[in-house]
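Colleague: pasted the sequence and its predicted model underneath.
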Amino acid sequence: MTVLLLQMLSMFIFPQIIICAFIPYMESQRNISEFILLGLSSDQKVQIFCFIFFLFCYLAILVGNLLVFISIRCSYLFNQPMYYFLSHLSSTDIWYTSCVTPKLIGDLVQRKSISYRNYMSQILAMHFFGITEVFILTVMALDRCVAICRPLHYMIIMNRARCSLLIVSAWACGAAHSLSQFSVITRLPFCGPNEIDHYYCDIFPLLKVACTNTYVTGVLIVANSGMVALVTFVLLVGSYIIILFTLRNHSAEGRRKALSTCGSHITVVILFFGPSIFAYLRPPTTFPEDKIFALFYTIIAPMFNPLIYTLRNSEMKNALRKFWCQKTFLDERQN
(Lines give C-alpha, C1' and ligand atoms only; values in the text may rest on other atoms or scores of the structure.)
Protein backbone atom coordinates (compact mmCIF):
# COMPACT_ATOMS: atom_id res chain seq x y z
CA MET A 1 0.00 0.00 0.00
CA THR A 2 2.87 2.37 0.80
CA VAL A 3 4.49 1.77 -2.59
CA LEU A 4 1.13 2.25 -4.37
CA LEU A 5 0.61 5.57 -2.56
CA LEU A 6 4.13 6.60 -3.59
CA GLN A 7 3.27 5.89 -7.23
CA MET A 8 0.06 7.94 -7.10
CA LEU A 9 1.73 10.90 -5.44
CA SER A 10 4.79 10.83 -7.68
CA MET A 11 2.69 11.14 -10.84
CA PHE A 12 1.38 14.55 -9.82
CA ILE A 13 3.59 15.93 -7.05
CA PHE A 14 7.18 14.87 -7.79
CA PRO A 15 7.53 16.70 -11.17
CA GLN A 16 5.84 19.83 -9.85
CA ILE A 17 8.01 20.03 -6.73
CA ILE A 18 11.17 19.78 -8.82
CA ILE A 19 9.88 22.27 -11.40
CA CYS A 20 9.01 24.80 -8.68
CA ALA A 21 12.44 24.40 -7.10
CA PHE A 22 14.14 25.15 -10.43
CA ILE A 23 11.79 27.96 -11.59
CA PRO A 24 14.08 30.92 -10.73
CA TYR A 25 17.01 29.30 -12.55
CA MET A 26 14.85 28.17 -15.48
CA GLU A 27 13.35 31.63 -15.96
CA SER A 28 16.81 33.18 -16.28
CA GLN A 29 17.85 30.69 -18.98
CA ARG A 30 15.29 31.36 -21.70
CA ASN A 31 13.45 34.06 -23.64
CA ILE A 32 10.61 31.90 -24.96
CA SER A 33 7.40 30.92 -23.20
CA GLU A 34 6.31 27.88 -25.21
CA PHE A 35 7.34 25.23 -27.72
CA ILE A 36 5.45 24.07 -30.80
CA LEU A 37 5.31 20.28 -31.24
CA LEU A 38 5.15 19.41 -34.95
CA GLY A 39 3.59 16.02 -34.16
CA LEU A 40 3.48 12.91 -36.31
CA SER A 41 2.01 14.46 -39.45
CA SER A 42 0.54 17.69 -40.77
CA ASP A 43 -1.97 15.88 -43.03
CA GLN A 44 -5.51 16.29 -41.65
CA LYS A 45 -6.67 12.81 -42.71
CA VAL A 46 -3.66 11.23 -41.05
CA GLN A 47 -4.36 13.26 -37.92
CA ILE A 48 -7.97 12.04 -37.78
CA PHE A 49 -6.82 8.43 -38.15
CA CYS A 50 -4.14 8.92 -35.48
CA PHE A 51 -6.68 10.53 -33.13
CA ILE A 52 -8.99 7.50 -33.33
CA PHE A 53 -6.13 4.99 -33.20
CA PHE A 54 -4.29 6.52 -30.23
CA LEU A 55 -7.52 7.11 -28.34
CA PHE A 56 -8.26 3.39 -28.71
CA CYS A 57 -4.68 2.55 -27.66
CA TYR A 58 -4.87 4.71 -24.56
CA LEU A 59 -8.21 3.23 -23.49
CA ALA A 60 -6.78 -0.26 -24.08
CA ILE A 61 -3.73 0.61 -21.95
CA LEU A 62 -5.89 1.89 -19.10
CA VAL A 63 -8.40 -0.97 -19.18
CA GLY A 64 -5.85 -3.76 -19.72
CA ASN A 65 -3.39 -2.65 -17.07
CA LEU A 66 -6.13 -1.84 -14.56
CA LEU A 67 -7.61 -5.32 -15.07
CA VAL A 68 -4.24 -6.94 -14.43
CA PHE A 69 -3.49 -4.67 -11.46
CA ILE A 70 -6.86 -5.14 -9.73
CA SER A 71 -7.00 -8.88 -10.45
CA ILE A 72 -3.58 -9.46 -8.87
CA ARG A 73 -4.19 -7.18 -5.90
CA CYS A 74 -7.50 -8.89 -5.10
CA SER A 75 -6.37 -12.49 -5.54
CA TYR A 76 -3.95 -15.01 -4.04
CA LEU A 77 -1.44 -14.15 -6.79
CA PHE A 78 -0.44 -10.97 -4.97
CA ASN A 79 1.50 -13.10 -2.46
CA GLN A 80 3.70 -14.50 -5.21
CA PRO A 81 6.77 -12.36 -6.05
CA MET A 82 6.37 -12.62 -9.83
CA TYR A 83 2.82 -11.26 -9.76
CA TYR A 84 3.68 -8.72 -7.09
CA PHE A 85 6.21 -7.26 -9.52
CA LEU A 86 3.74 -7.56 -12.41
CA SER A 87 1.16 -5.49 -10.50
CA HIS A 88 3.74 -2.72 -10.09
CA LEU A 89 4.69 -2.97 -13.77
CA SER A 90 1.02 -2.51 -14.73
CA SER A 91 0.61 0.56 -12.52
CA THR A 92 3.88 2.05 -13.82
CA ASP A 93 2.68 1.49 -17.41
CA ILE A 94 -0.43 3.54 -16.65
CA TRP A 95 1.53 6.46 -15.18
CA TYR A 96 4.23 6.28 -17.86
CA THR A 97 1.93 6.38 -20.87
CA SER A 98 -0.32 8.97 -19.20
CA CYS A 99 2.63 11.38 -19.39
CA VAL A 100 2.49 11.28 -23.19
CA THR A 101 -0.68 9.88 -24.76
CA PRO A 102 -3.34 12.35 -23.50
CA LYS A 103 -1.22 15.26 -24.75
CA LEU A 104 -0.64 13.50 -28.08
CA ILE A 105 -4.38 12.89 -28.54
CA GLY A 106 -5.22 16.48 -27.61
CA ASP A 107 -2.64 17.90 -30.04
CA LEU A 108 -4.34 16.07 -32.93
CA VAL A 109 -7.44 18.28 -32.58
CA GLN A 110 -5.92 21.58 -31.45
CA ARG A 111 -2.80 23.75 -31.68
CA LYS A 112 0.27 21.69 -30.79
CA SER A 113 1.81 24.06 -28.25
CA ILE A 114 3.17 23.42 -24.79
CA SER A 115 4.57 25.84 -22.26
CA TYR A 116 8.24 25.77 -21.35
CA ARG A 117 7.38 24.69 -17.82
CA ASN A 118 5.09 21.85 -18.95
CA TYR A 119 7.69 20.69 -21.48
CA MET A 120 10.27 20.31 -18.73
CA SER A 121 7.71 18.69 -16.46
CA GLN A 122 6.90 16.06 -19.09
CA ILE A 123 10.60 15.29 -19.64
CA LEU A 124 11.05 14.84 -15.90
CA ALA A 125 8.00 12.57 -15.54
CA MET A 126 8.80 10.55 -18.68
CA HIS A 127 12.31 9.70 -17.55
CA PHE A 128 11.15 9.06 -13.99
CA PHE A 129 8.51 6.48 -14.91
CA GLY A 130 10.42 5.14 -17.92
CA ILE A 131 13.56 4.25 -15.97
CA THR A 132 11.45 2.93 -13.09
CA GLU A 133 9.84 0.54 -15.56
CA VAL A 134 13.26 -0.47 -16.89
CA PHE A 135 14.40 -1.44 -13.39
CA ILE A 136 11.13 -3.26 -12.63
CA LEU A 137 11.60 -5.34 -15.79
CA THR A 138 15.16 -6.09 -14.66
CA VAL A 139 13.94 -7.12 -11.20
CA MET A 140 11.36 -9.41 -12.82
CA ALA A 141 14.10 -11.12 -14.83
CA LEU A 142 16.19 -11.65 -11.70
CA ASP A 143 13.10 -13.05 -9.97
CA ARG A 144 12.65 -15.63 -12.74
CA CYS A 145 16.34 -16.48 -12.52
CA VAL A 146 16.08 -17.19 -8.78
CA ALA A 147 12.82 -19.16 -9.26
CA ILE A 148 14.39 -21.49 -11.83
CA CYS A 149 17.94 -21.74 -10.50
CA ARG A 150 17.11 -21.88 -6.76
CA PRO A 151 13.53 -23.25 -6.58
CA LEU A 152 13.83 -24.71 -3.06
CA HIS A 153 15.03 -21.41 -1.60
CA TYR A 154 12.92 -19.15 -3.83
CA MET A 155 10.37 -17.97 -1.24
CA ILE A 156 13.12 -17.40 1.32
CA ILE A 157 15.27 -15.36 -1.06
CA MET A 158 12.36 -13.44 -2.60
CA ASN A 159 10.46 -12.71 0.60
CA ARG A 160 8.03 -9.79 0.76
CA ALA A 161 10.44 -7.45 2.54
CA ARG A 162 13.11 -8.01 -0.12
CA CYS A 163 10.56 -7.63 -2.94
CA SER A 164 9.33 -4.33 -1.50
CA LEU A 165 12.92 -3.13 -1.14
CA LEU A 166 13.59 -3.94 -4.80
CA ILE A 167 10.49 -2.01 -5.90
CA VAL A 168 11.38 1.02 -3.76
CA SER A 169 14.92 0.86 -5.16
CA ALA A 170 13.52 0.88 -8.71
CA TRP A 171 11.56 4.05 -7.93
CA ALA A 172 14.59 5.63 -6.27
CA CYS A 173 16.74 4.88 -9.33
CA GLY A 174 14.06 6.39 -11.57
CA ALA A 175 14.04 9.55 -9.45
CA ALA A 176 17.85 9.81 -9.45
CA HIS A 177 18.03 9.37 -13.23
CA SER A 178 15.28 11.88 -14.02
CA LEU A 179 16.79 14.48 -11.68
CA SER A 180 20.22 14.14 -13.26
CA GLN A 181 18.75 14.56 -16.77
CA PHE A 182 16.61 17.47 -15.65
CA SER A 183 19.52 19.29 -14.02
CA VAL A 184 21.45 19.07 -17.30
CA ILE A 185 18.75 20.45 -19.61
CA THR A 186 17.73 23.32 -17.30
CA ARG A 187 21.16 24.81 -17.93
CA LEU A 188 20.38 25.25 -21.63
CA PRO A 189 19.44 28.76 -22.86
CA PHE A 190 16.54 29.15 -25.33
CA CYS A 191 16.22 32.44 -27.17
CA GLY A 192 14.74 31.92 -30.65
CA PRO A 193 13.53 28.77 -32.45
CA ASN A 194 10.79 26.94 -30.59
CA GLU A 195 9.55 24.27 -33.04
CA ILE A 196 10.19 20.70 -31.83
CA ASP A 197 10.04 17.98 -34.48
CA HIS A 198 8.42 15.35 -32.29
CA TYR A 199 5.04 14.38 -30.83
CA TYR A 200 6.16 14.49 -27.19
CA CYS A 201 8.72 16.30 -25.07
CA ASP A 202 11.97 14.50 -25.86
CA ILE A 203 15.48 15.68 -25.02
CA PHE A 204 17.40 15.28 -28.30
CA PRO A 205 14.98 17.47 -30.35
CA LEU A 206 15.22 20.04 -27.56
CA LEU A 207 18.99 20.25 -27.97
CA LYS A 208 18.52 21.37 -31.60
CA VAL A 209 16.73 24.58 -30.61
CA ALA A 210 19.04 25.58 -27.75
CA CYS A 211 21.06 28.76 -28.26
CA THR A 212 24.41 27.22 -27.41
CA ASN A 213 26.72 24.37 -28.31
CA THR A 214 25.04 21.23 -26.91
CA TYR A 215 27.73 18.64 -27.70
CA VAL A 216 28.79 18.14 -24.08
CA THR A 217 25.16 18.10 -22.92
CA GLY A 218 24.34 15.47 -25.53
CA VAL A 219 27.26 13.30 -24.45
CA LEU A 220 26.12 13.50 -20.82
CA ILE A 221 22.58 12.51 -21.78
CA VAL A 222 23.79 9.56 -23.85
CA ALA A 223 26.10 8.47 -21.04
CA ASN A 224 23.20 8.59 -18.59
CA SER A 225 20.17 7.20 -20.47
CA GLY A 226 22.10 5.04 -22.90
CA MET A 227 24.27 3.37 -20.32
CA VAL A 228 21.31 2.71 -18.02
CA ALA A 229 19.49 1.01 -20.89
CA LEU A 230 22.60 -0.92 -21.96
CA VAL A 231 23.61 -2.10 -18.47
CA THR A 232 20.09 -3.24 -17.57
CA PHE A 233 19.76 -4.97 -20.94
CA VAL A 234 23.02 -6.83 -20.32
CA LEU A 235 21.71 -7.89 -16.89
CA LEU A 236 18.53 -9.13 -18.53
CA VAL A 237 20.40 -11.10 -21.18
CA GLY A 238 22.77 -12.49 -18.55
CA SER A 239 19.92 -13.68 -16.35
CA TYR A 240 18.29 -15.52 -19.26
CA ILE A 241 21.59 -17.11 -20.29
CA ILE A 242 21.84 -18.48 -16.74
CA ILE A 243 18.22 -19.67 -16.96
CA LEU A 244 18.82 -21.48 -20.27
CA PHE A 245 21.99 -23.07 -18.90
CA THR A 246 20.10 -24.28 -15.80
CA LEU A 247 17.18 -25.66 -17.83
CA ARG A 248 19.45 -28.22 -19.47
CA ASN A 249 19.07 -30.37 -16.35
CA HIS A 250 15.26 -30.03 -16.18
CA SER A 251 12.66 -32.37 -17.62
CA ALA A 252 10.93 -31.55 -20.90
CA GLU A 253 7.78 -30.50 -19.02
CA GLY A 254 9.81 -28.34 -16.64
CA ARG A 255 11.58 -26.62 -19.52
CA ARG A 256 8.29 -25.99 -21.31
CA LYS A 257 6.66 -24.41 -18.24
CA ALA A 258 9.71 -22.28 -17.41
CA LEU A 259 10.16 -21.06 -20.99
CA SER A 260 6.45 -20.24 -21.23
CA THR A 261 6.71 -17.96 -18.20
CA CYS A 262 9.99 -16.40 -19.36
CA GLY A 263 8.74 -16.02 -22.94
CA SER A 264 6.20 -13.40 -21.89
CA HIS A 265 8.85 -11.35 -20.15
CA ILE A 266 11.30 -11.65 -23.03
CA THR A 267 8.64 -10.38 -25.47
CA VAL A 268 7.96 -7.34 -23.29
CA VAL A 269 11.69 -6.64 -22.90
CA ILE A 270 12.24 -6.72 -26.67
CA LEU A 271 9.29 -4.38 -27.34
CA PHE A 272 10.49 -1.89 -24.73
CA PHE A 273 14.28 -2.14 -24.78
CA GLY A 274 14.91 -2.47 -28.51
CA PRO A 275 13.53 0.95 -29.52
CA SER A 276 14.79 2.55 -26.28
CA ILE A 277 18.37 1.49 -26.94
CA PHE A 278 18.10 2.76 -30.53
CA ALA A 279 16.77 6.10 -29.28
CA TYR A 280 19.34 6.78 -26.55
CA LEU A 281 22.45 4.67 -27.10
CA ARG A 282 23.80 6.66 -30.05
CA PRO A 283 25.26 10.10 -30.85
CA PRO A 284 22.96 12.92 -29.66
CA THR A 285 21.15 13.62 -32.91
CA THR A 286 17.68 13.11 -34.36
CA PHE A 287 16.37 10.96 -37.22
CA PRO A 288 12.99 10.88 -39.00
CA GLU A 289 12.50 7.32 -37.69
CA ASP A 290 12.70 8.46 -34.06
CA LYS A 291 8.96 9.13 -33.86
CA ILE A 292 8.09 5.62 -35.06
CA PHE A 293 10.50 3.95 -32.64
CA ALA A 294 9.25 6.16 -29.80
CA LEU A 295 5.71 4.84 -30.35
CA PHE A 296 6.90 1.37 -29.33
CA TYR A 297 8.17 2.29 -25.88
CA THR A 298 5.60 5.01 -25.11
CA ILE A 299 2.36 3.40 -26.38
CA ILE A 300 2.70 0.00 -28.09
CA ALA A 301 4.61 -1.85 -25.32
CA PRO A 302 2.34 -0.62 -22.47
CA MET A 303 -0.70 -1.62 -24.56
CA PHE A 304 0.53 -5.15 -25.28
CA ASN A 305 1.94 -5.89 -21.83
CA PRO A 306 -1.41 -7.00 -20.32
CA LEU A 307 -2.18 -9.20 -23.35
CA ILE A 308 1.27 -10.79 -23.34
CA TYR A 309 1.19 -11.58 -19.63
CA THR A 310 -2.40 -12.88 -19.59
CA LEU A 311 -2.73 -14.81 -22.86
CA ARG A 312 0.49 -16.76 -22.23
CA ASN A 313 -0.09 -17.34 -18.51
CA SER A 314 -2.69 -19.82 -17.28
CA GLU A 315 -2.46 -18.64 -13.64
CA MET A 316 -3.15 -15.08 -14.68
CA LYS A 317 -6.10 -16.12 -16.85
CA ASN A 318 -7.55 -18.20 -14.03
CA ALA A 319 -7.18 -15.30 -11.58
CA LEU A 320 -8.90 -12.91 -13.99
CA ARG A 321 -11.71 -15.37 -14.63
CA LYS A 322 -12.20 -16.24 -10.96
CA PHE A 323 -12.13 -12.66 -9.67
CA TRP A 324 -14.37 -11.06 -12.27
CA CYS A 325 -16.83 -13.94 -12.49
CA GLN A 326 -17.12 -14.00 -8.71
CA LYS A 327 -17.63 -10.23 -8.64
CA THR A 328 -20.37 -10.46 -11.29
CA PHE A 329 -22.09 -13.28 -9.36
CA LEU A 330 -22.07 -11.25 -6.12
CA ASP A 331 -23.45 -8.18 -7.90
CA GLU A 332 -26.28 -10.25 -9.37
CA ARG A 333 -27.12 -11.68 -5.96
CA GLN A 334 -27.24 -8.23 -4.39
CA ASN A 335 -29.59 -7.05 -7.14
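Modeller: Great, that's in hand.
Colleague: CA only for contacts and neighbour counts going forward, please
Modeller: OK.
Colleague: which parts of stretch 108-115 are buried?
Modeller: Buried residues in stretch 108-115, counting neighbours by 16 or more other C-alpha atoms under 10 Å, are found at 108, 112-114.
Colleague: before we move on, what about stretch 212-226?
Modeller: For stretch 212-226, using 16+ other C-alpha under 10 Å, the buried residues are 214, 217-218, 220-226.
Colleague: which helices and strands does the helix or strand in which I308 is found pack with?
Modeller: Taking DSSP states H and E as the definition, I308 sits inside helix 301-311. Contacts defined by 3 or more C-alpha pairs under 8 Å, 6 or more residues apart in numbering; DSSP states H and E place helix 301-311 against helix 44-73, helix 81-98, helix 252-280, helix 314-334.
Colleague: between it and helix 44-73, how many degrees?
Modeller: Put simply, helix 301-311 runs at 40 degrees to helix 44-73, going by axes from the mean of the first three to the mean of the last three C-alpha atoms, to 10 degrees.
Colleague: how about residues contacting helix 301-311?
Modeller: The contact list for helix 301-311, computed with C-alpha atoms under 8 Å, 6 or more residues apart in numbering, reads 57-58, 60-61, 64-65, 68, 90, 93-94, 97, 264-265, 267-268, 271-272, 316-317.
Colleague: what does stretch 191-204 give?
Modeller: Against stretch 191-204 from outside (C-alpha under 8 Å, 6+ apart): 30-32, 34-40, 100, 103-104, 119-120, 122-123, 185, 205-206, 209-211, 218, 284-286, 291.
Colleague: all helices for the stretch 101-250 of the chain, in order.
Modeller: Secondary structure of the stretch 101-250 of the chain (DSSP state H, counting those that start in this stretch): helices at 101-107, 116-149, 154-157, 160-185, 203-208, 215-221, 227-247.
Colleague: could I get those helices as CSV with mean pLDDT and distance to Y280?
Modeller: As requested, the helices of the stretch 101-250 of the chain are exported to CSV (pLDDT from 0 to 100; distance: least, C-alpha to C-alpha, whole Å):
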stretch, mean pLDDT, distance to Y280
helix 101-107, 87, 20
helix 116-149, 87, 12
helix 154-157, 88, 34
helix 160-185, 89, 13
helix 203-208, 85, 9
helix 215-221, 84, 8
helix 227-247, 82, 8
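Colleague: make JSON lines out of those helices and add distance to Y84.
Modeller: Formatted as JSON lines, the helices of the stretch 101-250 of the chain follow (distance: least, C-alpha to C-alpha, whole Å):
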{"stretch": "helix 101-107", "distance to Y84": "26"}
{"stretch": "helix 116-149", "distance to Y84": "10"}
{"stretch": "helix 154-157", "distance to Y84": "13"}
{"stretch": "helix 160-185", "distance to Y84": "8"}
{"stretch": "helix 203-208", "distance to Y84": "33"}
{"stretch": "helix 215-221", "distance to Y84": "32"}
{"stretch": "helix 227-247", "distance to Y84": "19"}
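Colleague: closest one to S75 among those?
Modeller: For these, the distance to S75 is smallest for helix 160-185, at 15.9 Å, taking C-alpha to C-alpha.
Colleague: any buried residues in that closest one, and which?
Modeller: 163-164, 166-168, 170-171, 173-175, 177-179, 181-182, 185.
Colleague: repeat for stretch 226-246
Modeller: 226, 228-230, 232-233, 236-237, 239-240, 243-244.
Colleague: gap between stretch 59-77 and the chain center?
Modeller: 16 Å (C-alpha atoms, centre = their mean, to the nearest Å).
Colleague: rewinding a little: which of the contacts of helix 301-311 are buried?
Modeller: 57-58, 60-61, 64-65, 68, 90, 93-94, 97, 264-265, 268, 271-272, 316-317.
Colleague: how many residues are close by A252?
Modeller: 11 (other C-alpha atoms under 10 Å).
Colleague: put together a markdown table for the buried residues of stretch 212-226, with distance to H250 on each row.
Modeller: A markdown table is the format used below for those (distance: C-alpha to C-alpha, whole Å):
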| residue | distance to H250 |
| --- | --- |
| T214 | 53 |
| T217 | 50 |
| G218 | 47 |
| L220 | 45 |
| I221 | 44 |
| V222 | 41 |
| A223 | 40 |
| N224 | 40 |
| S225 | 38 |
| G226 | 36 |
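Colleague: ok, and which of the helices and strands packed on helix 301-311 has the densest surroundings?
Modeller: Comparing these by mean neighbour count (mean count of other C-alpha atoms under 10 Å), helix 81-98 comes out on top with a mean of 22.
Colleague: can you list contacts of that one?
Modeller: Residues contacting helix 81-98 (C-alpha under 8 Å, 6+ apart): 7, 11, 58, 61-62, 65-66, 68-69, 72-73, 77-78, 125-126, 129-130, 132-133, 136-137, 139-140, 143-144, 158-160, 163, 167, 298-299, 302, 305-306.
Colleague: can we see that at 7 Å?
Modeller: 11, 61-62, 65, 68-69, 72, 77-78, 126, 129-130, 133, 136, 140, 143, 158, 163, 298-299, 302 (C-alpha atoms under 7 Å, 6 or more residues apart in numbering).
Colleague: do stretch 32-50 as well
Modeller: For stretch 32-50, using C-alpha under 7 Å, 6+ apart, the contacting residues are 108, 112-116, 190-191, 194-199.
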